[in-house]
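Participant: After the sequence you'll find the predicted model.
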Amino acid sequence: MQPNNLISYYPTYGILDEVVSYGPYNQLNIYIDLKNNMQTTYMEHAIVNIVENSLRSRMYDTSIFSSLVSFLAFHRRYAISREMKLNFFIFFESGQSYYHQNISSKYKISRRIDDLYGLDHEKRELFFKVLNANYNMIENAFNKIPNSKVIRLPNLEADFVPYYLINHNLVERNDGVGHIIYSNDHDLLQCVNDNVYVYQKVGSKIKRIVKKGEVMQKELKKDYGIPDEYFPLALAIIGDTGDDVEGVKGVGPAFFAKSFNEIQKLVGSMDDLYDNIVNKRPIFDKSLCPIPNKFVSKIIDFEENEGGVTRNLKLVSFELLSRTLIDPPTVEILNKKKLIEKVLNDESLTKLHPLQEALTRTGVEIEDSALELLFYNSGG
């Protein structure tokens, strides 16, 4: 299996140039939703190859690690050709998210049921051991490679990481820096803002950049003129089937859009809404919309009867999760905050040749030129 076969998410130089033209930028920060980018890993042919390669050898298959090296090297070539600075932030989680499970036991429940195409127990266990070995290598190696950081969160969804880093100024943020997030998970559209973009691959042919002012249009399939910042509220009301977040029955994208003005009157700004949730106050001021239409009435009932909108916002909102990390309510959350800070503040690096030798000993097959590109102009 060729390393880059596990990532079908490559942009074109033209797409990257498009982002740069919005600046112009002299630096790009690339945020990689690792497991979303590596979805090919869970296709039947990939699983079979990974398992068979590992059975034939005394060492685990390392094509996941190699794929990431090739992917980053592609971007480094681009940055060198455009004389730009480039940083990578790779994020993923391990295990179920306790934060989300404590809010709803149904969260992502459908993703936990997977027989891996009928793989027997022994091969299934081997496959997951190979995955974990690759993730360990990624975490250990890339955190020692110049201009790359890997944030691996145990038992906490990592999707919010780009939002948290950018909005809380934990990464360089000025008008000369463009931020591109690589993920097809629409939750990440919450991150889109000035100088912040999401790269999506839709099907086998469509590759696009989502920029500020386009988020709600992409989610609702039509431009209703609804501000981007209300995207989490839309998810909370409509629901998010991909994460098993149940919305208001009978209220889909079209009815949400048609009722938006009334909904906005009820909640005010998103900051008002978040403050009310954090301070455990009612999120709807019904006096501002005394005769709601039937769809808005359903939304109000959903909240008043089961706290549904508040619950769903806690599940989907990156802002609420970020606020939880800023002021951690538990030791567990505090440890997640410290882990992120430790990764960002760790400046210890390895040298190219010792890393090459170590990877060779563990059976990693990559082009030397790809790894060399990641050390380009670093003195390594």
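Facilitator: Looks like it came in fine. Residues are numbered from 1 along each chain as shown.
Participant: Against residue 30, how distant is residue 202?
Facilitator: Separation of residue 202 from residue 30 (Cβ to Cβ, to the nearest Å): 19 Å. Heads up, the C-betas are built off the backbone N, CA and C, glycines and all.
Participant: quick one: which of the two has more around it?
Facilitator: Each of residue 202 and residue 30 had its neighbours counted (other Cβ atoms under 10 Å), and the higher figure belongs to residue 30 (23 against 10).
Participant: and the more buried one, that one's in a strand?
Facilitator: Yes: Residue 30: assigned to a strand according to DSSP: H, G, I helix; E, B strand; the rest coil.
Participant: I figured it hits residue 75, correct?
Facilitator: Yes: assessed by Cβ atoms under 8 Å, residue 30 is found in contact with residue 75 at 6.0 Å.
Participant: Overlap in contacts, those two.
Facilitator: Common contacts of residue 30 and residue 75, defined by Cβ atoms under 8 Å, 6 or more residues apart in numbering, comprise 86, 88.
Participant: what's the spacing between the lengthiest strand in the chain and its chain's center?
Facilitator: Longest strand of the chain, by residue count under DSSP state E: strand 85-94. Taking the mean of its C-alpha atoms, strand 85-94 sits 10 Å from the chain's own mean (Cα atoms, centre = their mean, to the nearest Å).
Participant: what ranges do the helices span in the stretch 51-200 of the chain?
Facilitator: Secondary structure of the stretch 51-200 of the chain (DSSP state H, counting those that start in this stretch): helices at 63-82, 98-103, 121-142, 161-167.
Participant: Specify the stretch among the ones you listed that is closest to residue 369.
Facilitator: helix 63-82 (7.6 Å; Cβ to Cβ).
Participant: From the contact counts, what lies against the closest one?
Facilitator: helix 13-22, strand 27-33, helix 44-56, strand 85-94, helix 121-142, helix 368-374 (3 or more Cβ pairs under 8 Å, 6 or more residues apart in numbering; DSSP states H and E).
Participant: switch to 6 Å and redo it
Facilitator: Applying 3 or more Cβ pairs under 6 Å, 6 or more residues apart in numbering; DSSP states H and E, we find helix 63-82 packed against helix 121-142, helix 368-374.
Participant: wait, residue 31 sits on residue 162?
Facilitator: Yes: counting by Cβ atoms under 6 Å, residue 162 is a contact partner of residue 31 at 4.2 Å.
Participant: ok so, going back, check which residues of the longest strand of the chain are buried.
Facilitator: Within strand 85-94, the residues that count as buried by 16 or more other Cβ atoms under 10 Å are 86, 87, 88, 89, 90, 91, 92, 93, 94.
Participant: Closest one to residue 277 out of those residues, please.
Facilitator: Nearest member of the buried residues of strand 85-94 to residue 277, counting by Cβ to Cβ, is residue 93, at 23.3 Å.
Participant: ok, the closest one - contacts?
Facilitator: 153, 157, 158 (Cβ atoms under 6 Å, 6 or more residues apart in numbering).
Participant: Pull out the buried members of the residues you listed.
Facilitator: Neighbour-count burial within those applies to 153, 157, 158; the criterion is 16+ other Cβ under 10 Å.
Participant: what number of residues lie near residue 363?
Facilitator: Neighbour tally, residue 363, other Cβ under 10 Å: 14.
Participant: quick one: contacts for it?
Facilitator: Listed by Cβ under 6 Å, 6+ apart, the contact partners of residue 363 are residue 59.
Participant: and it, which of the three is it?
Facilitator: Under three-state DSSP, the three-state class of residue 363 is coil.
Participant: For it, give me the backbone phi and psi.
Facilitator: Per-residue torsions, residue 363: phi 80, psi 20 (degrees, to the nearest 10).
Participant: per-residue confidence for it?
Facilitator: Note for residue 363: predicted pLDDT of 83.
Participant: Of all the residues in stretch 238-253, which ones are buried?
Facilitator: Those would be 238, 239, 240, 243, 244, 245, 247, 248, 251, 253, for stretch 238-253 by 16+ other Cβ under 10 Å.
Participant: Residue 37 contacts residue 10, doesn't it?
Facilitator: No: counting by Cβ under 6 Å, residue 37 stays clear of residue 10, with 9.9 Å between them.
Participant: Looking at the two now, which is surrounded by more residues?
Facilitator: For the pair residue 37 and residue 10, the greater number of neighbours falls to residue 37 (23 against 16), based on other Cβ under 10 Å.
Participant: Checking the nearest residue to the more buried one once chain neighbours are set aside next. Helix, strand or coil?
Facilitator: Leaving aside its chain neighbours, residue 37 sits nearest to residue 9 (4.8 Å; criterion: Cβ to Cβ, 6 or more residues apart in numbering). Judged by three-state DSSP, the three-state class of residue 9 is coil.
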